[in-house]
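**Student:** A predicted structure for the sequence below; I have some questions about it.
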Amino acid sequence: MNAKRNDHLATGIIYALVGIVVIILFGLIGYILVSGVPHLSWHFLTSPSKSFAAGGGIRDQLFNSVYLLVLTLLISFPLALGAGIYLSEYAPDNWLTSLMRTAIEVLSSLPSVVVGLFAYLVFVIQFQIGFSILAGAIALTFFNLPLLTRNIETSLSSVPNLQREAGIALGLSSWKTITGIILPAAVPGILTGVILSAGRVFGEAAALIYTAGQSAPALNYANWNIFDTNSFLNPFRPAETLAVHIWKVNAEGIVPDIDVVSNGTAAVLIIVILAFNLSARYVGNRLYRRLTSSK
Amino acid sequence: MDEIKDRLLKPSKATKQDQRGRMISYLSIGLIAILVISILYFIATRGLSMFFNDGIKVSDFLFKTDWNPGKKLVGALPMIVTSFGVTLLAALIATPFAIAVALFMTEFAPKRGARFLQVVIELLVGIPSVIYGLIGLAVVVPAMRIMYGGTGFGILAGAVVLFVMVLPTITSLTVDALKAVPSHYRQASLALGATRWQTIYKVILRAATPGILTAVVFGMARAFGEALAVQMVIGNAAMLPHNLVSPSATLTSQLTMGIGNTIMGTLPNNALWSLALLLLIMALVFNILVKLIARKGRIK
């Protein structure tokens, strides 16, 4: 009966380990929410941050995070789409393609600090853009591209070949087949991937410290001229995001109400990211059902 | 007649559109390739300039233990040791958990349990690294201080934080590896009268070993390159760690702390770029390792 006892023992251990992992996750999220949500208030969300005094908010950081996310997706989505289409539809099975795939794998395995430093070196210093939203968005694009490309590629290649054959049989050019038939069929997968990558971009900090910078100069939300230094839309101003704000507040430790600021910011960050994750799941499922008429 | 001939001989609108579309997709993939090459090129030239322009020996950089670039002391061994320390320790803690979760998802409860744990894992991936760092700072470091004395900052705190961060990476790749084991292996083993655990231990895990190893290497790559979460709990003292709870610094933490405080082109700055180069090389090494494991697994 030894084998049977071992079986029970192993099963017990596996259940216990799984239980611990689940507890860790809920502990993490619970901790952030419990310690952060009480600090949240309208005032906290809508007032600018303070460097030396207590009572600062996160208005500018919140806006910067969103703005940076939008810019990043604007740059990285078309690129990733093009590259994904190439890899899934056009790429011949030869050494060049496998080299491209390797390049993308390498890019995705590079530490985000290294990617950030590269963007810092080339854009902030060489091209003299300075610490700016634009440099940050470019760095985040580099960081986001490989994952988004791979996601789009797998979404496209999971569309059955019959669809391609049907398109070609109708006399459509392959580009028309791709944009008219394959792409719509792959939309749910692509959309889920984009939303998940948005969550990743929203929380990224290491690549931003030396590209988008660590300061949030006073913004004027009524100034729509994107070339003014205090305009909220100016892509050439330095911009601290929520994640960088948490890091900086803790690393510097000068703000007196450090717990309030960092826990509150962390709660906002985690709520947004949870929303991204859950909505990705929901939107993906729903769209899939709608587009494929499957239940 | 000429008009019709012209129309037939010229590429049609659809052809042109097709060519243009093809162009666009070639262009984007080309851009990514250029990007990767230029990252390698720029980091390499910056990182090597310390050895060529400042006359530092590579062996001094890799094996000396004194880090004080202002005084021309650029021994990076403390950072290298600490980086490997946290990485290995984190992988060591995370692997059993990851395998357990993956087994649970594939062998024990493939339907509802798996769906639930999938959500758990995706949420763990989604949590930003600064939040892990923040919790490390608020929970793990004080716990270490109470348990082991000292400041609480150190390799152990870093490893605990990283363990949670690499867990989802290792788990999801292990799930893929376990799913790839053909189900007739399971059926054959069970038909022979083996218990579930015997099947798992003697058949499934053995068959999935290359895949699981790949998963662990990917996890280690992530741990090695993680910057902020580690930086917040490691203590940031560039000296050789004498135990697991003494403050130290990893390659990434030294980089994030230092690069803003040094002037471009000076030795302290170049030394930091050399650290970045080291990180880049390690990322490549992890990549090659994965390829090797995959090749070896295929022959079997």
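**Tutor:** Ah, there it is.

**Student:** Please list all residues in contact with residue B:148.
**Tutor:** Contact analysis of residue B:148 by Cβ atoms under 8 Å, 6 or more residues apart in numbering or on different chains lists B:156, B:244-245. No exception for glycine: its C-beta is placed from N, CA and C like everyone else's.

**Student:** I misspoke; the intended subject was residue B:208.
**Tutor:** B:174, B:177-178, B:180-181.

**Student:** Name the member of these with the most neighbours.
**Tutor:** Using other Cβ atoms under 10 Å in any protein chain shown as the neighbour criterion, residue B:174 leads the contacts of residue B:208 with 28 neighbours.

**Student:** Quickly find the element holding the closest residue to it other than its chain neighbours.
**Tutor:** Leaving aside its sequence neighbours, residue B:174 sits nearest to residue B:102 (Cβ to Cβ, 6 or more residues apart in numbering or on different chains; 3.9 Å). In the assignment (DSSP states H and E), residue B:102 maps to helix B:77-103.

**Student:** starting at the chain centroid, how far to that helix?
**Tutor:** With Cα atoms, centre = their mean, to the nearest Å as the basis, helix B:77-103 stands 11 Å off its chain's centre.

**Student:** Likewise for stretch B:152-161?
**Tutor:** With Cα atoms, centre = their mean, you get 18 Å for stretch B:152-161.

**Student:** Give me the buried positions along it.
**Tutor:** Of the residues in stretch B:152-161, B:152-161 count as buried by neighbour count, 16 or more other Cβ atoms under 10 Å in any protein chain shown.

**Student:** Now it - C-alpha only, CSV.
**Tutor:** Provided in CSV are the C-alpha atoms of stretch B:152-161 (Å, rounded to 0.1, in the frame of the first residue of the first chain):
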residue,chain,number,x,y,z
GLY,B,152,16.3,43.0,6.4
PHE,B,153,17.5,44.2,3.0
GLY,B,154,19.5,41.7,1.1
ILE,B,155,19.5,38.7,-1.3
LEU,B,156,16.9,36.8,0.6
ALA,B,157,14.3,39.6,0.5
GLY,B,158,15.1,40.1,-3.2
ALA,B,159,14.7,36.4,-3.9
VAL,B,160,11.3,36.2,-2.1
VAL,B,161,10.0,39.1,-4.2
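
**Student:** what sits up against it?
**Tutor:** By Cβ under 8 Å, 6+ apart, stretch B:152-161 touches B:82, B:85-86, B:89-90, B:93, B:132-133, B:135-136, B:140-146, B:148, B:229-230, B:233-236, B:241, B:243-248, B:250.

**Student:** still on that earlier bit, mind listing what the residue nearest to residue B:174 touches?
**Tutor:** If a contact means Cβ under 8 Å, 6+ apart, then residue B:102 has B:171, B:174-175, B:177-178 as its contacts.

**Student:** What is the nearest of these to chain A?
**Tutor:** residue B:171 (8.1 Å; Cβ to the nearest Cβ).

**Student:** And the residue nearest to residue A:39 when sequence neighbours are not counted, how close does it get to residue A:47?
**Tutor:** Nearest residue to residue A:39, sequence neighbours excluded (Cβ to Cβ, 6+ apart): residue A:264, at 3.8 Å. Separation of residue A:264 from residue A:47 (Cβ to Cβ, to the nearest Å) stands at 12 Å.

**Student:** Just the pLDDT for residue B:298.
**Tutor:** pLDDT, residue B:298: 61.

**Student:** returning to what we had before: residue A:264 and residue A:47: who's more crowded?
**Tutor:** Set residue A:264 next to residue A:47 and count neighbours by other Cβ under 10 Å: residue A:264 wins out with 24 against 15.

**Student:** Any residue of the strand or helix carrying residue A:201 touching chain B?
**Tutor:** Element membership for residue A:201 (DSSP H and E) is helix A:183-203. Yes - Helix A:183-203 reaches chain B (Cβ under 8 Å from any Cβ of the partner chain) through A:196, A:199-200, A:202-203.

**Student:** center of chain B - which residue?
**Tutor:** For chain B, the residue sitting closest to the mean C-alpha position, by Cα atoms, centre = their mean, is residue B:222 at 1.8 Å.

**Student:** quick one, phi psi at that one?
**Tutor:** When quoted as degrees, to the nearest 10, the phi and psi of residue B:222 stand at phi -70, psi -40.

**Student:** and the residue of the stretch 1-150 of chain A nearest chain B?
**Tutor:** For the stretch 1-150 of chain A, Cβ to the nearest Cβ, closest residue to chain B: residue A:111, 2.5 Å.

**Student:** got it, and the stretch 151-295 of chain A?
**Tutor:** Nearest residue of the stretch 151-295 of chain A to chain B: residue A:203, at 2.6 Å (Cβ to the nearest Cβ).

**Student:** Contacts only, for the single nearest residue of the stretch 151-300 of chain B relative to chain A.
**Tutor:** Residue nearest to chain A within the stretch 151-300 of chain B: residue B:225 (2.5 Å; Cβ to the nearest Cβ). For residue B:225, the contacting residues are A:109-114, B:252, B:279, B:282-283, by Cβ under 8 Å, 6+ apart.

**Student:** Could you single out the nearest of those residues to residue B:192?
**Tutor:** For the contacts of residue B:225, the residue nearest residue B:192 by Cβ to Cβ is residue A:109; the value is 40.7 Å.

**Student:** Verify the stated contact: that closest one with residue B:288.
**Tutor:** No - the criterion here is Cβ atoms under 8 Å, and residue A:109 misses it with residue B:288 at 10.6 Å.

**Student:** how close does residue B:222 get to residue A:125?
**Tutor:** 28 Å.

**Student:** before we move on, what about residue A:178?
**Tutor:** Distance from residue A:178 to residue A:125, by Cβ to Cβ: 40 Å.

**Student:** again, but for residue B:180
**Tutor:** From residue B:180 to residue A:125 the distance is 46 Å (Cβ to Cβ).

**Student:** And residue B:175, by the same measure?
**Tutor:** Distance from residue B:175 to residue A:125, by Cβ to Cβ: 43 Å.

**Student:** the more surrounded of those two?
**Tutor:** Neighbour totals were compared for residue B:175 and residue A:125, and residue B:175 leads with 24 against 14 (other Cβ under 10 Å).

**Student:** Can you name the residues that contact that one?
**Tutor:** B:102, B:105-106.

**Student:** chain center to the host helix or strand of it: distance?
**Tutor:** Secondary structure assignment for residue B:175, by DSSP H and E: helix B:155-179. On the basis of Cα atoms, centre = their mean, helix B:155-179 sits 10 Å off its chain's mean C-alpha point.

**Student:** and it with helix B:77-103, angle?
**Tutor:** 40 degrees (axes from the mean of the first three to the mean of the last three Cα atoms, to 10 degrees).

**Student:** What are the buried residues along whichever helix or strand comes after helix B:155-179?
**Tutor:** Toward the C-terminus, helix B:155-179 is succeeded by helix B:183-191 as the next helix or strand (DSSP H and E). By 16+ other Cβ under 10 Å, the buried positions in helix B:183-191 come out as B:186, B:189.

**Student:** Output the contacting helices and strands for helix B:183-191.
**Tutor:** Helix B:183-191 sits against helix B:196-199, with contacts defined as 3 or more Cβ pairs under 8 Å, 6 or more residues apart in numbering or on different chains; DSSP states H and E.
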